[in-house]
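Novice: Sequence below, structure please.
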Amino acid sequence: MNLFATLETRLKAHLTTLVAQGGLPEGLPIDRITVEPPRDASHGDFATNAAMVLAKPAKTNPRALAEELVAVIADWDEIESTEVAGPGFINMRAKPGAWHELLRGVLSAGEGYGASTLGQGQLVNVEYVSANPTGPLHLGHARGAVLGDVMAALLAKVGFDVTREYYINDAGAQVDVLGRTAYARYREVLGETITLEEGQYPGEYMIDIARAIAERDGDKWMSADEADWLPEFRAFAIDYNMTQVRRTLADMDIDQLFISERSIVETGGVERAIEKLTDLGLMYWGVLEPPKGKKPDDWEEREQLLFRSTEFGDDVDRPLKKSDGSYTYFANDIAYHYDKHQRGFAEQIDIWGEDHKGYIKRMQSAVAGVTDKQAALEVIICNIVKVFKNGEPVKLSKRAGNIVTLESMVSEIGSSALRFIMLTRRNNEVLEFDIAEVTAATKDNPVFYVQYAHARISSALRKALEAFTDSRIDDTSLCEAEFAHLQTREEQRLISVVAQFPRIVESAALAREPHRVAFYLSDLAGAIHGLWAAGNVNPANRIVVDDSLSLTQARLALIRAAQITLAAGLRLLGVVPVEELRRNEQELF
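Specialist: The predicted structure follows:
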């Protein structure tokens, strides 16, 4: 049902045959050929750059090559007409029958529409969120959570075998600080006056943790040594916070495999990774140069255990041990990604925040090194999120320690709205949104605009059932509709947009750009609303025509195919489609 892919595959096959027969020279960049919608819809339904891509390496005139290809394309069953445009672009128009067959295919496939076998079952690990277990998730985590979750859904839709993963950073200094903060609050709960040390966690949620420990253990730990109470308080606080994290992610319909850093460390994962690097000749003892620019006052030139990170594109070689003999965070991260590879993941995708950009080169070098270039790490960065309400910045949460918690945002605007709005900008751009706009029932609200289109179609289907009580109106019967009735500009436009969904899904998955689906759904909703507007202007163009069952069925088949597409796209984003409008939302635009 992916007409674009069908035509592109056929065109590439024809060109490959020409090369084999000597009609074109070998070594042509046939893989760069695309079949896409033309930029100007008036130019046709499909456009290909084949002649423009191949002419120079084939040492021929692009327009002349285009004319040769047009002669072949004109005989394809799906194509009604072709033309050469400009210096050598080829525009094509589909036969009505091709569109009709596509609509039948959508109705038959249901929400499976848009799926493909492109990934051929290849294993992919997508790691996202992975926030330190030192407090509740905040709004900044939402963007990475949605981006990673939708990325995984897209890859699965096009045939990859995807594992969604959350890495719990439960080893190292930050969780020791968490344990000490919990202990300080515990003493406070039991009556002491305390002052938090610099770097400890100020959120009031730490008091809840301390109170829970006090209720369980009483004053058991008041006179205990740190060596005894720290493991207990650290473990309790981590578990408490991760329970909240899991609950918040579940509220956003995000389900992941949770992997513990501490578990990897305690089972010898770091030693195994370093042993592997050593076996590959990538470890040595050496002295690093001081950072460029002014030498820090605390700089110490000393021999360290170094990983040859520069062999894989990093700026400098990286130490894997601290001066006290413990491993660096980087060593732990190498062990984790090596563990992924040992579990079968040659393709690894990490979603990180903007503040981690400087860590990309070294981590990619590490993955290439420790797997002997058998695995690759792709890092996708999320920029910051700014939230407003009626134009004013949202006040920070005292309980969370001056952050806007994700839990509170889900409660206020809902998971579906939050997930959709997180994809209304490219992930590398700053995202700003106003809660008042996101919850308003207006066409300026991108979430409502798309949901309204879905609900409108449900309303029309119910109306048709009321108007034609003696007729079957379901997906199976609509496959037999007389699609030749679909003649208006708005109807043709909607068919064309529906047809683009499979290529949007594939391109979004391969480009790692889930926002493409959100943008597409807005376009699809616009085409649906355009169809309604045409009916409001001219009653003959309405969906349900009381005196013509045949015409009504054709139009119902079209909007039902559009609704299936809309629902499939929304579910990829983790958004629940709305079936019914509230009374005050009827025919808003």
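Novice: Could you use CA atoms for every contact and neighbour count after this?
Specialist: Noted.
Novice: which element is Gly526 on?
Specialist: Assigned by DSSP states H and E, Gly526 belongs to helix 515-537.
Novice: For that helix, which outside residues touch it?
Specialist: 420, 423-427, 446, 449-450, 453-454, 490-491, 493-494, 497-498, 501, 504-505, 508, 541-543, 559, 562, 566, 569-570, 573, 589 (CA atoms under 8 Å, 6 or more residues apart in numbering).
Novice: One more: stretch 314-328?
Specialist: For stretch 314-328, the external contacting residues (CA under 8 Å, 6+ apart) are 288, 304-310, 330-331, 361-362, 365.
Novice: try 7 Å
Specialist: 304-310, 330-331, 361-362, 365 (CA atoms under 7 Å, 6 or more residues apart in numbering).
Novice: For that stretch, measure first residue to last.
Specialist: Start and end residues of stretch 314-328 are separated by 17 Å (CA to CA, to the nearest Å).
Novice: What is the distance between it and the centre of its chain?
Specialist: What separates the centre of stretch 314-328 from the centre of its chain is 33 Å, taken as CA atoms, centre = their mean, to the nearest Å.
Novice: Buried ones in it, by neighbour count?
Specialist: 314, 316-321, 327-328 (16 or more other CA atoms under 10 Å).
Novice: Give me the mean pLDDT for that stretch.
Specialist: For stretch 314-328, the mean per-residue pLDDT is 91.
Novice: Which elements pack onto the top helix by length along the chain?
Specialist: The longest helix of the chain (DSSP state H) is helix 226-251. Judged by 3 or more CA pairs under 7 Å, 6 or more residues apart in numbering; DSSP states H and E, helix 226-251 is in contact with helix 173-189.
Novice: residues of the helix it packs on that come out buried?
Specialist: 174-189.
Novice: thinking again about what came up before, now for the contacts of stretch 314-328: which two are most distant?
Specialist: Gln304 and Lys361 (20.3 Å; CA to CA).
Novice: Sheet partners, orientation included, of the helix or strand just after the longest helix of the chain?
Specialist: Following helix 226-251 in sequence order, the next helix or strand is strand 257-260 (DSSP H and E). Within its sheet, strand 257-260 is paired with strand 161-168 (parallel), according to DSSP bridges.
Novice: centre of the chain versus the helix or strand where Ala436 lies, how much separation?
Specialist: Using DSSP H and E, Ala436 falls within helix 435-438. Here helix 435-438 is found 22 Å from its chain centre; the criterion is CA atoms, centre = their mean.
Novice: For that helix, buried residues please.
Specialist: Under 16+ other CA under 10 Å, the buried positions of helix 435-438 are 435, 437-438.
Novice: Same question for stretch 188-200.
Specialist: Judged by neighbour count using 16+ other CA under 10 Å, the buried positions of stretch 188-200 are 188-189, 200.
Novice: Return the closest of the residues you listed with respect to Met151.
Specialist: Gln200 (34.6 Å).
Novice: what helix or strand is that closest one on?
Specialist: Using DSSP H and E, no helix or strand contains Gln200.
Novice: what sits against it?
Specialist: Gln200 neighbours (CA under 7 Å, 6+ apart): 177-178, 181.
Novice: Equivalent analysis for Asp350, please.
Specialist: So Asp350 contacts 126-128, 378-380 (CA under 7 Å, 6+ apart).
Novice: tell me the SS of it?
Specialist: With DSSP: H, G, I helix; E, B strand; the rest coil as the basis, Asp350 sits in strand.
Novice: on that earlier part again, list the helices and strands the helix holding Ala436 packs on?
Specialist: Secondary-structure packing of helix 435-438 (3+ CA pairs under 7 Å, 6+ apart): strand 385-389.
Novice: residues making contact with the strand it packs on?
Specialist: Contact partners of strand 385-389, identified using CA under 7 Å, 6+ apart, comprise 140, 393-394, 430-436.
Novice: Using PyMOL, make a named selection holding only the buried ones among those residues.
Specialist: Buried residues among the contacts of strand 385-389 (16+ other CA under 10 Å), as a PyMOL selection:
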select buried, resi 140+431+433+434+435
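Novice: now, among the contacts of strand 385-389, which is nearest to Ser411?
Specialist: Out of these, the member with the shortest distance to Ser411 (by CA to CA) is Ile435, at 11.9 Å.
Novice: From Leu15, how far out is the closest one?
Specialist: 53 Å.
Novice: what's the answer for Ala210, then?
Specialist: In terms of CA to CA, Ala210 sits 70 Å off from Leu15.
Novice: Pick out whichever of these two has more residues nearby.
Specialist: Taking other CA atoms under 10 Å, Ala210 and Leu15 do not tie; Ala210 has more neighbours (25 against 19).
Novice: so the more buried one makes contact with Arg185?
Specialist: Yes - when contacts are counted by CA atoms under 7 Å, Ala210 is listed as touching Arg185 (5.5 Å).
Novice: Can you give the distance of the helix or strand Val53 falls within from its chain's centre?
Specialist: Taking DSSP H and E as the criterion, Val53 maps to helix 50-58. On the basis of CA atoms, centre = their mean, helix 50-58 sits 34 Å off its chain's mean C-alpha point.
Novice: circling back to that earlier point, in helices, which of the contacts of helix 515-537 fall?
Specialist: Per DSSP H, the contacts of helix 515-537 map to helices at 420, 446, 449-450, 453-454, 490-491, 493-494, 497-498, 501, 504-505, 508, 559, 562, 566, 569-570.
Novice: what's the pLDDT at the residue lying farthest from the centre of the chain?
Specialist: Relative to the centre of the chain, the most outlying C-alpha is that of Ser223, 49.8 Å out, by CA atoms, centre = their mean. The per-residue pLDDT reported for Ser223 equals 94.
Novice: Phi and psi next, for it.
Specialist: Per-residue torsions, Ser223: phi -110, psi 10 (degrees, to the nearest 10).
Novice: Val124: what's it in contact with?
Specialist: 160-163, 345, 347-348.
Novice: actually Val245, sorry about that
Specialist: Val245 neighbours (CA under 7 Å, 6+ apart): 136-137.
Novice: now Ala508
Specialist: Here Ala508 is in contact with 514, 516-517 (criterion: CA under 7 Å, 6+ apart).
Novice: Can you get me the centre-to-centre distance for stretch 546-553 and its chain?
Specialist: With CA atoms, centre = their mean, you get 41 Å for stretch 546-553.
Novice: Which positions within that stretch qualify as buried?
Specialist: Result for stretch 546-553 [16+ other CA under 10 Å]: buried residues 549, 551-553.
Novice: give me the number of residues near Leu137?
Specialist: By other CA under 10 Å, neighbour count at Leu137 equals 27.
Novice: Next up, phi/psi of it, please.
Specialist: Torsion angles, degrees, to the nearest 10, at Leu137: phi -70, psi 140.
Novice: how close does it sit to Asp251?
Specialist: With CA to CA as the criterion, Leu137 and Asp251 are 12 Å apart.
Novice: try Ser116
Specialist: Ser116 is 29 Å from Asp251, by CA to CA.
Novice: is it true that Pro290 lies in a helix?
Specialist: No - read with three-state DSSP, Pro290 is coil and lies in no helix.
Novice: residue contacts, it?
Specialist: The contact partners of Pro290, by CA under 7 Å, 6+ apart, come to none.
Novice: Model confidence at it, what's the number?
Specialist: At Pro290, pLDDT is 79.
Novice: No further questions, thank you.
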